[in-house]
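[1] I'll drop the sequence and a predicted model, then ask my questions.
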Amino acid sequence: MLLQMSMQANFEAKWKAERERLAFLALDDGTVFRGVAFGAARDALGEVVFNTGMSGYQEILTDPSYSGQFVVLTTAEVGNYGVNAEDAESRGLFLSGLLIGDLTEPSNWRSERSLDDYLKANNVPGLYGVDTRALTLHIREHGNRKAFLHVERAPLDQADAVRRATAWEGLDGQDYAARVTTAEAYAFAGDAHGEVEKLKGSKVEKLNFDGTFDQSAIQPFDPASSARRPLVAVYDFGVKANILRSLATWARVTVVPAKTPAEEVLAMKPDGVFLSNGPADPAALPYAVENIRKLLGLEPFGSTFQPFNLSTFQLPLMGICLGHQLLALACGARTARLKFGHHGCNHPVKDLATGKVEITSQNHNYAVIEESLPDCLEITHVNLNDGTIEGVRHKTLPAFSVQYHPEACPGPHDGAGLFAKFREMLAK
Amino acid sequence: MKRSDIKGILVIGSGPIVIGQGCEFDYSGCQAVKALRREGYRVVLVNSNPATVMTDPEMADATYIEPLTVDSVAAIIRKERPDALLPTLGGQTALNLAMKLKRSGVLDECGVEMIGVDADAIARAEDRNLFKAAMGELGLDMPRSGSAHSLAEAEAVAAGIGTWPLVIRPGFTLGGTGGGIARDETEFRDIVQRGLDASLNSEVLVEESLVGWKEFEMEVMRDRAGNAVIVCSIENLDPMGVHTGDSITVAPIQTLTDREYQAMRDDSIRVLEKIGIETGGSNVQWAVNPATGRRCIIEMNPRVSRSSALASKATGFPIAKIAALLAVGYTLDELANDITRVTPACFEPALDYVVVKVPRFTFEKFPGSDRTLGTQMKSVGEAMAIGRTFKQAYLKAVRSLEAPLAGHDVASFDPWFRAQLGEIEAFRRFLATKNTKATKNAKSAKNAQGSGSDASPCDACGGNSAIVPELLRQAKVFGFSDREIAAAIGSDEAAVRRMRLALGIRPEFGEVDTCAGEFEAKTPYYYSYYPSATFQPFNLSTFQPDHDALCRRIMVLGGGPNRIGQGIEFDWCCCHAAFALRGRGIEVVMVNSNPETVSTDYDTSDRLYFEPLTFEDVMEIYERERCDGAIVQFGGQTPLNLAARLEEAGVRVLGTSPRDIALAEDRDFFRSLVSELGVRQPPSGIAHAVGDAVEIAAGIGYPVLVRPSFVLGGRGMAICYREERLREYVEEAVRVSEGRPILIDKFLTHATELDVDCVSDGEATAIGAILEHVEEAGCHSGDAAAVTPPVSLSPETIAEVERIAKAFAERLHVCGLMNIQLAVKDGEVWMIEVNPRASRTVPFVSKAVGWSLAGVAARCMAGERLGNVANVEMLPIANSNCQLGAGNTGNIPPSRYCAKEAVFPFAKFPGADITLTPEMKSTGEVMAFGPDAATAYYKSQIAAGSPLPRPGEGGIMLSIRDEDKVAAIPLARRLDDLGYEIWATRGTSTALWKAGIECNALYRVALGSPNALDLMRLGKVKWIVNTRDGGEMAAHDSAKIRPFAVLHGVPVTTTLAAFAEAVKGLEAANGLQAIEPTSLQDIHRRNP
């Protein structure tokens, strides 16, 4: 009875807060969406994007590609299965804030803490009780918008919030990769940041959810055999852990900061180089484009560094998302902003070589312009919803990239075969 | 690419509506047939259920309303010579029949290819051993189990597993018939025996119980290129142990992380690949241990299922249509998403809402039956609701039921759902207790300030039942209806509504658009929601219905969840209203909450609202759409109950006015109208208490028919032969009818009952058909077998029936449909009742006469004259004889008789009495055509799944009450002449021997062997004729024999009239080797 009374009291406090609803999101076009503050009580600036995936909020929160953005989750109920240590996709949370419809308490055997706690602990503000459908339709009509999220207790005039949103510089032309990349190079051992040692070398889909693993899928860490594994250098523009996990099933993985010169990467004598996903505008990363051109052998190295014969230089290269856009830029294509981007788990992508359709995980605002594609690049994948480029391949060099996320997390695993394809390239 | 090597495709429907197989297969069949015809294929359709839209003559190229048996379908195949058979759209019935056709060799003989799924894949999915082996090869976890073909084998399996409880599932059945959970050896033996009996291949699976585990389903589509998508994921609130058809379910899955979800997705797709589902939709069911996450596969259905219908409605992805197109060779990326039209069908719908489905039970129909929910499905219908939160959707779904939820064990739900339901109840309590306080505070604040503030309660509610505006807004966001809020705060619905409107608290409408708003939807459907926080400074809800002044817009109200007495027949009428009105350029707005139906298909109407059929919800839609009128008389009692309030609130109710509909139910008015029109009626009276009732019954004489007023489906009706029974009944009935009076009529014994369906435009009236019941008056007209044209009526009687119908239509100002029930005794016509609305028999009659009564009625209601409509609609199809206002029983081709038989769910309710009474118990019906009434009746018995044995196939057991013996003897003699072995109980056998008919005597069940049960078990008796003695008290033997017969699928005939008709049918069938199947199109085309 006592317990019930305290539950009733908790509910009543929650409902009272909901009736008062002080918090809001102000868009730069003057539209204001109200809601209830949760997570960190910290006002924030960012660009609003919506994600239509129905599961995977923890993966979304920990995806560094959302740096500088407010994420609207269109799915109705959020928080249902809590947060756990295993499902993190990076060392922290980089997004500006989370906007959701209904916030609920967790129920799942792996849940370790609630979404609200998680946001508070990571200093990320959230807003629930938002009419996310109205907000989504607004973005669909008017494009991704700059916004100001007000969740602090001190009152703020809505017009003032709109002005702050308008005054913000936005994401175009901004290098957000530099903000989220690793400070130092490191060898990936299992999980990205060692939080979950037991994930080491295992295939995600073989994970049994009672915490054990299918032993047959684990390749035991053996220094001798590991020496014979190929080395992949991963440019971290905001890399997701499952890319590293996927590569680590067959490769030694070394992660390097976004601005690492090509020469330094080559000095590691990698068997292949991987260009990761990441936030914001590919056009704002000229250093990355230059490094990729060098790795492709399209541009000479620095005068003191000539390790290879350029004419026979064939370093395999794979890119995902921002990495894909950078590869295309390096080959001479151009990128542009989509009206509201692709963010979700249900985008059909057709592999033009096999005719097979994959349901893919996507998260990007910029895309490679088809008309700008140079002769050296060939389109390998297209998006069936809007016909945009989803993958390219260099016609003469061992380099390919995809716009979508074959590493999933969140989303379907349909594209996982691409990592095997990269492995084959390295084996040649 | 589409296959060009096949031209003709046979589609098999699912037959009559039964528990576990409802009208969802009409919906899927319709989609498939439409899609295939649009692709240029010649579609041949066979289904025995006339109340389906799929069997409308406009749907397929050739439509056969014939029994779903190997013999009958083989004859159709030999006649029509289709190139392919599509078996995946007619539920388990079609799948089982396709397997039998395959084994019979007729498919190979006629070169018919099974498309969509092949026989091997069906076997792998349905045979537990093959399935288990296949899943083992995939490395998927399964509950420990084994299959058995006998009790001894089953006991060995149980010993091997070594734990209780154990689940027993029979192989090859539908809806889990005959299965159960055994907690000890006694229960185990019982259930295994029942399961072996119910299984088509005498096989049961015994397995480790996963009771209490979380249960999930995935709806997967796969094409021949290997592309696969998950259309919808579903989580059950009721955990493992409760049949998924009886569970409350929610979409999408709520309590799995992405990692767990994606692993389940991968495995679901691998299961389809492994089983060999080359194209089409399948449903894969999973169980997850809530504590450890251990995940087991439960089963997969290699076909479109009830869950896929729900998944289609929940997501906007037309699974059946796409499955049909994939079966003829398309791949998913070649097909367009119908809702957005710009994106392909190869995608996974994204939901930005929550869908909740709740089951509808009718336990009250089967007193004595076990109400515990288990692995055997017991619900007869379902309601689906959509909201922006689980709470909204759940509350809406529950109010769509029009009945309280029953049987669910909330304590067994996952904590997430328990918390949601807990918050709903906490808020209800809060409204009831805290609101008063808040109101008082607000009032005193108001007084202090001397002027209204934002927090002031609205005085519109008046008195002490006011509510603070912000609290009202919050209650609406929670999902509470005006009525529920009123109940919580002690106000009334009208007051809450007034206040809500005064404050401008109106719902937003969301769309089911398949993509969570990412793309613009061209043909979405809608649901209402109250957003948790509105946004400023401008309002985006810019919905402006592009109201063309020239284009009228009419709302059609559906019937809500199916129940006994209000099912697919009413949905058929609603669909026909939509088709007919759209054909006249009128926009149709459909409102319904039943996900199984054709009416809730996105292309049946112009705008579909998936909403509860309550006054509040309907009004919001009516006003938003600015409709020009609403049709309330087609959806059964549900919309009719709303009619008066809607009209009062400004809705233009089309057709017969609610006042006139109510008048027909007004006893005094009706009795005086009946006598004024010169029609006989049984003496009667109205009682409010036991004393009244006894007095009235004594005055008019027993037996009496008693019923509460204002009910549909004969709920609470009974025939009382003696005073003590009457006393019992009245006490009970007063409670059921919530204080409304009890009607008492003299019951006419040995009378023939008639159903007459007609259409009127307010002046002219057209009679569809006169149906003659096979059973004597006294069993509910929905349960009765019937034939048309009538066989025993004189031309004078028919003329009198027509006169009565027209007179009543005129006096009740009927515009639309009207159904009249009459009784004929000794050539005299007696009035039973008139219902100026759609009746259960309208689809049957429409199929019999070849024109849509509901379609014509809808056009009359929209203002057309019957004469004009008739010229266009009826004549080309009926092809002559249709003389409005003349003897139009001649509409039916004279060489074609039609019979209707009802189908009952008794096998699902062990313990319930199977005797037919005035209380309706059937779930569905079949139709059969024949050159004479007896043949049609005989075929209808085959179609209903209880075929009468042919001579040599099995014996007949007779147990005839004394008063019927004289009439029964000549019938028995005819059976003897046909060569049947006759068994009879003692009294009957004495009478037969005296009349010189040889027969075997039987013991009464209680007295020894051989008795009826032994003979059924041995397969010696294949038909039981058992007319009840005394009428009400089921004798000891009857009580034992009937349930046993039901479980063994042995037909039981309980009236002399049906016995006589059956004997005629057997004689007719005996002379006929094979009855040539004729398509519906030919039947009506050939009409001279």
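    Received, thanks.
[2] Which residues belonging to stretch B:657-665 are considered buried?
    Taking 16 or more other CB atoms under 10 Å in any protein chain shown as the basis for neighbour counts, the residues of stretch B:657-665 that come out buried are B:657-658, B:661, B:663-664. No exception for glycine: its C-beta is placed from N, CA and C like everyone else's.
[3] Please enumerate residues in contact with it?
    B:632-633, B:640, B:643-644, B:646-647, B:669-670, B:709-710, B:812-814, B:834-837 (CB atoms under 8 Å, 6 or more residues apart in numbering or on different chains).
[4] Show the buried residues in those residues.
    By neighbour count, with 16+ other CB under 10 Å, the contacts of stretch B:657-665 hold B:632-633, B:640, B:643-644, B:646-647, B:670, B:812-814, B:834-837 as buried.
[5] Out of these, which is nearest to chain A?
    Of all the buried ones among the contacts of stretch B:657-665, the one sitting nearest chain A is residue B:646; the distance, using CB to the nearest CB, is 28.8 Å.
[6] Could you break chain A into its assigned domains?
    A:2-167, A:177-427 (automatic domain parsing).
[7] Go through those and name the closest to residue B:683.
    Ranking the domains of chain A by their distance to residue B:683 (criterion: CB to CB) puts domain A:2-167 first, at 58.2 Å.
[8] What's the nearest residue in the stretch 101-250 of chain B when you look at chain A?
    With distances taken as CB to the nearest CB, the stretch 101-250 of chain B approaches chain A most closely at residue B:227, which sits 4.5 Å away.
[9] Just give me the neighbour total for that residue.
    Residue B:227 is flanked by 22 other residues according to other CB atoms under 10 Å in any protein chain shown.
[10] For residue B:253, see how far away the closest residue to chain B within the stretch 251-400 of chain A is.
    Nearest residue of the stretch 251-400 of chain A to chain B: residue A:346, at 4.0 Å (CB to the nearest CB). As for residue A:346, its distance to residue B:253 is 15 Å (criterion: CB to CB, to the nearest Å).
[11] on that earlier part again, so which of the buried residues of stretch B:657-665 sit within helices?
    In helices, judged by DSSP state H, the following of the buried residues of stretch B:657-665 are found: B:658, B:661, B:663-664.
[12] Give me the pLDDT for residue 101.
    Defaulting to chain A. Note for residue A:101: predicted pLDDT of 95.
[13] ah, I was thinking of chain B
    Each residue has a pLDDT score; the one for residue B:101 is 96.
[14] Could you do residue B:1055 as well?
    pLDDT, the model's per-residue confidence, is 77 for residue B:1055.
[15] what do you get for residue B:629?
    Among the per-residue scores, residue B:629 shows a pLDDT of 96.
[16] right, and it touches residue B:653 too?
    Yes: A contact is recorded between residue B:629 and residue B:653 when judged using CB atoms under 8 Å, the distance being 7.2 Å.
[17] Those two: which is more packed in?
    When neighbours are counted by other CB under 10 Å, residue B:629 and residue B:653 differ, and residue B:653 comes out ahead with 23 against 19.
[18] residue contacts, the more buried one?
    Under the criterion of CB under 8 Å, 6+ apart, the contact partners of residue B:653 comprise B:629-630, B:632, B:643, B:646-647.
[19] next one: residue B:374
    Residue B:374 makes contact with B:180-181, B:241-243, according to CB under 8 Å, 6+ apart.
[20] Save the residues you listed as CSV, and put in secondary structure and pLDDT too.
    As requested, the contacts of residue B:374 are arranged in CSV below (DSSP: H, G, I helix; E, B strand; the rest coil; pLDDT from 0 to 100):
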residue, secondary structure, pLDDT
B:180, strand, 83
B:181, strand, 85
B:241, coil, 86
B:242, coil, 91
B:243, coil, 91
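[21] now those as CSV including distance to residue B:908 and neighbour count?
    Conversion of the contacts of residue B:374 to CSV gives the following (distance: CB to CB, whole Å; neighbours: other CB atoms under 10 Å in any protein chain shown):
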residue, distance to residue B:908, neighbour count
B:180, 12, 21
B:181, 16, 21
B:241, 17, 21
B:242, 14, 26
B:243, 10, 21
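[22] now, which of those residues sits nearest residue B:953?
    Closest approach between the contacts of residue B:374 and residue B:953, by CB to CB: residue B:180, at 31.1 Å.
[23] What residues does the closest one make contact with?
    For residue B:180, the residues meeting the contact criterion (CB under 8 Å, 6+ apart) are B:167-168, B:187, B:191, B:194-195, B:374-376.
[24] which intervals of chain A have sub-threshold pLDDT?
    A:1-3, A:190-227, A:302-313 (pLDDT under 70).
[25] And the helices in it?
    According to DSSP H, the helices that chain A contains are A:2-20, A:57-61, A:115-121, A:132-142, A:158-167, A:177-180, A:223-228, A:241-248, A:262-267, A:286-296, A:322-330, A:417-427.
[26] Return the most buried member of these.
    A comparison of the helices of chain A by mean neighbour count, using mean count of other CB atoms under 10 Å in any protein chain shown, puts helix A:322-330 on top with a mean of 28.
[27] which other helices and strands contact it?
    strand A:272-275, helix A:286-296, strand A:317-320, strand A:335-351, strand A:357-368, strand A:389-394, strand A:399-402 (3 or more CB pairs under 8 Å, 6 or more residues apart in numbering or on different chains; DSSP states H and E).
[28] What strands flank the longest one, and is each parallel or antiparallel?
    In other words, strand A:335-351. Using DSSP bridges, the strands paired with strand A:335-351 are strand A:357-368 (antiparallel), strand A:377-383 (antiparallel).
[29] Would you tell me which one of the ones you listed is buried the most?
    The highest average neighbour count among the strands paired with strand A:335-351, using mean count of other CB under 10 Å, belongs to strand A:357-368 at a mean of 25.
[30] Tell me what angle that one forms with strand A:389-394.
    Here strand A:357-368 points in a direction 80 degrees away from that of strand A:389-394 (axes from the mean of the first three to the mean of the last three CA atoms, to 10 degrees).
[31] Check the offset of strand A:357-368 from the chain's centre.
    Per CA atoms, centre = their mean, to the nearest Å, the displacement of strand A:357-368 from the mean C-alpha position of its chain is 11 Å.
[32] Show me which pair in the contacts of residue B:374 is furthest apart.
    When the contacts of residue B:374 are compared pair by pair using CB to CB, the two farthest from each other are B:180 and B:242, 12.0 Å apart.
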